[in-house]
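Q: need a 3D model of the sequence below.
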Amino acid sequence: MVVHLSMMDISSHNPNLQPYRVGFVLIEGFALMSYASAIEPLRACNLLTQRTPYEIHHLAVEGNLPVSSSGARIPTTMTLEENAELDLVLVMAGGDPALVDIPKLSHWLHQQASRGVLLGGVSGGPVILARSGLMEGRRMTAHWEHIQSLENHAPKLIVEHSLYVRDRDRLTCAGGTAAFDMMHALIAEQHGSELASQVSEWFVHADIRPGELAQRAGIAERYDVSNRAVIVSIEAMENHLADPLELTQLASLSGLGGRQLNRLFQQQLNTSAIQFYRELRLRKAHELLTSTSWSVEGVALATGFANGAHLSRRFTQFHGLTPRSVRRKAGS
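A: Numbers count the residues shown, from 1 in each chain. Reported below is the predicted structural model:
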């Protein structure tokens, strides 16, 4: 039986835990910038901790030396045929990923999903996940070059123009330097914001961006907040809409206790951390109800509510309208 660690399971305070196993699936012509931005933070994390919090594997669909967009060849360490035990799989692709039609890759990805592995895609990788039928009912993003064709191919997909999107067991990224921002968030959640900041400083990349939307201002500007712990907490909330974190987890990410974090939220936003979190999810639910054809149940799952009835009750209390009336109004 394979036991997979969640993004909140690994702690730098317990060096005896097993490494988090990350498999990079390199599709011929993969974008080298995206690949480097995703893998180098993990390498630096291993170097700075003088341990191996991240165990890195390279997989190719064909051959053992996949060629990147710029001609660089990366030796592989694992094949799809091996009974790999991984915690995170990242499909790296460039060029035109819509042309990638490899049944054995799709089969392998479905196997990984059935095992509970966190599946991700970077740059063109999310397109391959979507065309393999692995993104239904989940929010996602991809490189802007591929978004229009992806929406034409599967109009029911929820494709956001974001840097990266985490929706439960899927992690998608626009690529390029956005992959660095995504891996910063992963390291911060697993090992704390201090180590994540050390990794970013190592690469002289201090201006880390939230994944929510590339076109929007940063968290500090959007919410008019200045406290670093509050900003870190809001970023974690935005990355965990479908699988809400508890107050203790949010506080741990911020390096504070729950009461301290709540006091800061009251000072900066005049509300508690959990109440702010719930309202963030309810606003996302409103957005999905007016921009998609998802059922109320589907929207509830995507925004971290137990079921449609739970969402409806909270939604009506907050918005003053039921989800169905909001959808009817949007369609009129």
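
Q: which stretches in this protein count as helices?
A: Counting by DSSP state H, one finds helices in the chain at the ranges 32-49, 103-114, 125-131, 144-153, 178-191, 193-202, 219-223, 228-239, 247-254, 258-269, 273-291, 296-302, 308-319, 323-331.

Q: winner for burial among those?
A: Stretch with highest mean neighbour count among the helices of the chain: helix 125-131 (a mean of 27; mean count of other CB atoms under 10 Å). From N, CA and C alone the C-beta is placed, and that goes for glycine too.

Q: and that helix, what's its mean pLDDT?
A: The pLDDT scores in helix 125-131 average 94.

Q: what do you get for stretch 188-198?
A: Averaged across stretch 188-198, pLDDT comes to 89.

Q: what's the pLDDT at Gly211?
A: pLDDT, Gly211: 63.

Q: now distance to Val22 too, for the helices of the chain, in CSV please.
A: Converted to CSV, the helices of the chain look like this (distance: least, CB to CB, whole Å):
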stretch, distance to Val22
helix 32-49, 6
helix 103-114, 12
helix 125-131, 13
helix 144-153, 23
helix 178-191, 9
helix 193-202, 15
helix 219-223, 26
helix 228-239, 17
helix 247-254, 20
helix 258-269, 30
helix 273-291, 28
helix 296-302, 25
helix 308-319, 33
helix 323-331, 37
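
Q: which stretch in the ones you listed has the least confidence?
A: helix 144-153 (a mean of 78).

Q: which elements pack onto that helix?
A: helix 125-131, strand 158-159 (3 or more CB pairs under 8 Å, 6 or more residues apart in numbering; DSSP states H and E).

Q: which residues sit against the longest one?
A: So that's helix 125-131. Contact with helix 125-131 is made by 25, 27, 90-93, 97-98, 100-101, 105, 109, 119-121, 135, 140-142, 146, 149-150, 153-154, 157, 170, 172-173, as judged by CB atoms under 8 Å, 6 or more residues apart in numbering.

Q: can you rerun that using 7 Å?
A: Residues from elsewhere that reach helix 125-131 (CB atoms under 7 Å, 6 or more residues apart in numbering): 27, 90-93, 97-98, 100, 109, 119, 121, 135, 140-142, 146, 150, 154, 157, 172.

Q: drop anything exposed from these.
A: Using 16 or more other CB atoms under 10 Å as the burial test, those include 27, 90-93, 97-98, 100, 109, 119, 121, 135, 140-142, 146, 150, 157, 172 as buried.

Q: which among the helices of the chain is found nearest to Leu163?
A: Comparing those by their distance to Leu163 (CB to CB), the top pick is helix 178-191, with 4.0 Å.

Q: for Leu269, give me its contacts.
A: By CB under 7 Å, 6+ apart, the neighbours of Leu269 are 223, 225, 276.

Q: stretch 292-307: end-to-end distance?
A: 18 Å (CA to CA, to the nearest Å).

Q: just to revisit the earlier point, can I get the helices and strands packed on helix 144-153 in JSON lines including distance to Gly308?
A: JSON lines is the format used below for the helices and strands packed on helix 144-153 (distance: least, CB to CB, whole Å):
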{"stretch": "helix 125-131", "distance to Gly308": "25"}
{"stretch": "strand 158-159", "distance to Gly308": "17"}
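
Q: tell me which of these lies nearest to Asp243.
A: Judging the helices and strands packed on helix 144-153 by CB to CB, what sits closest to Asp243 is strand 158-159, at 16.1 Å.

Q: what's that closest one in contact with?
A: Under the criterion CB under 7 Å, 6+ apart, residues 139-142, 147, 150-151, 288, 292 lie in contact with strand 158-159.

Q: between those residues, which is nearest Gly257?
A: Closest to Gly257 out of the contacts of strand 158-159 is Arg139 (31.3 Å), distances taken as CB to CB.

Q: for the closest one, give its distance to Thr303.
A: As judged by CB to CB, to the nearest Å, Arg139 and Thr303 stand 10 Å apart.

Q: and if you look at Ala220?
A: 24 Å.

Q: Arg138 too?
A: Counting by CB to CB, the gap from Arg138 to Thr303 is 12 Å.

Q: looking at the two, which is more packed in?
A: The neighbour count for Arg138 versus Thr303, taken as other CB atoms under 10 Å, is higher for Thr303 (26 against 22).

Q: if we can go back for a sec, relative to Thr316, which of the contacts of Leu269 is nearest.
A: Thr316 has its nearest neighbour among the contacts of Leu269 in Phe276, at 19.1 Å by CB to CB.

Q: list the contacts of the closest one.
A: Per CB under 7 Å, 6+ apart, neighbours of Phe276: 265, 269.

Q: let's see 10 Å
A: Counting by CB atoms under 10 Å, 6 or more residues apart in numbering, Phe276 makes contact with 223, 230, 233-234, 237, 262, 265-266, 268-270.
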